[in-house]
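[1] What would the 3D arrangement of this be:
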Amino acid sequence: MPMTNAPATDNPAPQGKTLVARMTDALSGQITGGHYKPGDRLPSEAQLTREFGVSRTVVREAIAALRSGGLVEARHGIGVFVLEPTPTVPLPFHGVDLARVSSLIEMLELRTAVEGDAAALAALRRSPAQEETIAEAFDSFCASAAEGRPSAEADFNFHLAIAQATNNPRFSEFLQMLGPALIPRRAVSETGEETVLAAAELTRLISEHEAIFVAIQDGDEEKARMAMRQHLKNSQLRYRSMLRAAR
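    Next up is the predicted model:
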């Protein structure tokens, strides 16, 4: 079945999206839109590499993301096939009111436990391509912050890239389920727009993200865990102060 999407390029992706994320979105859209139906076999890795203009590593990671999302399955020696859509079920945490600061603190506590171990596993298990994805997400976050542009999505992409680098799909599924709106500075806004942070706060966030990234680069499991936990605990402290002020 021919592809209809234009090939991806090596130009910077909009809103900080990586080549893997763009390819995953394109294939996911083709599947959900009916271009590929349940039971159809996706083009071979070589075909996808040519048609999207990306490396085999990008293709493999995009397919892995589709597999973790339950859209496709790999059949050894045959290929990758589209699965029947799973019935929609109520998502856990669906009732959490993200507009309430107290709910954000609860979610930050949960994320501290989960993402601390995710960072530790990423330090041990990340591939060179996954490390590059984390680096791209970090650079995108820094650029957005430096230019005064909204940075919540780039922030989320950084955390998601680390979760994916655990090579345990449950970590990335957890973050994707919660979604970018969980980034507190976006969630506290009634309009859904990102809350503008002071320059000092952005500088602190960049420093904390850098500490996490460097620890993962160094392969330091414990340092990565502690850097992530400290980052999320600092966010808890900030929103606990906000909650006390509101009361």
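
[2] Grab the most central residue of this structure for me.
    Leu160 (2.4 Å; CA atoms, centre = their mean).

[3] Where in this protein is the helix or strand with the lowest mean pLDDT?
    Every helix and strand in the chain was compared by mean pLDDT, DSSP states H and E; the lowest is helix 184-187, with a mean of 60.

[4] immediately after that one, which helix or strand?
    helix 199-217 (DSSP states H and E).

[5] So what's the gap between that next one and the chain middle?
    Chain-centre distance of helix 199-217: 17 Å, with CA atoms, centre = their mean, to the nearest Å.

[6] show me what contacts the closest residue to Gln176 other than its chain neighbours?
    Leaving aside its sequence neighbours, Gln176 sits nearest to Leu160 (CB to CB, 6 or more residues apart in numbering; 7.0 Å). To be clear about C-beta, it is placed using only N, CA and C from the backbone, and glycine gets the same treatment. Neighbour list for Leu160: Ala137, Ser172, Leu175, Gln176 [criterion: CB atoms under 8 Å, 6 or more residues apart in numbering].

[7] For ChimeraX, write a command that selects the buried ones of those.
    Here is the ChimeraX selection string for the buried members of the contacts of Leu160, based on 16 or more other CB atoms under 10 Å:
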select :137,172,175,176
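
[8] Let's see which of the contacts of Leu160 end up in helices.
    Ala137, Ser172, Leu175, Gln176 (DSSP state H).

[9] Could I get these in TSV, plus columns for distance to Glu131 and pLDDT?
    Output for these, formatted as TSV (distance: CB to CB, whole Å; pLDDT from 0 to 100):
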residue	distance to Glu131	pLDDT
Ala137	11	94
Ser172	16	93
Leu175	18	90
Gln176	20	88
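
[10] In TSV: these, plus distance to Ala152.
    Shown next, in TSV, are the ones in helices among the contacts of Leu160 (distance: CB to CB, whole Å):
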residue	distance to Ala152
Ala137	13
Ser172	18
Leu175	13
Gln176	15
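
[11] if I look at the residue nearest to the centre of the chain, how far off is Thr203?
    23 Å (CB to CB, to the nearest Å).

[12] what's the answer for Ile183, then?
    For Ile183, the distance to Thr203 - CB to CB - is 17 Å.

[13] backbone phi and psi for the nearest residue to Leu42 once chain neighbours are set aside, please?
    Leaving aside its chain neighbours, Leu42 sits nearest to Val80 (4.6 Å; criterion: CB to CB, 6+ apart). Phi and psi for Val80, reported as degrees, to the nearest 10, are phi -110, psi 130.

[14] The chain should start at 36 in everything you say after this.
    In the new count, where the first residue is 36, that last one comes out as Val115.

[15] ok, Val115 touching Ala97?
    No. With contact defined as CB atoms under 8 Å, Val115 does not reach Ala97; the gap is 10.5 Å.

[16] ok, how many other residues are close to the nearest residue to Asn269 once chain neighbours are set aside?
    The shortest distance from Asn269 to any non-neighbouring residue, by CB to CB, 6+ apart, is to Glu243 (6.7 Å). Using other CB atoms under 10 Å, Glu243 is surrounded by 17 other residues.
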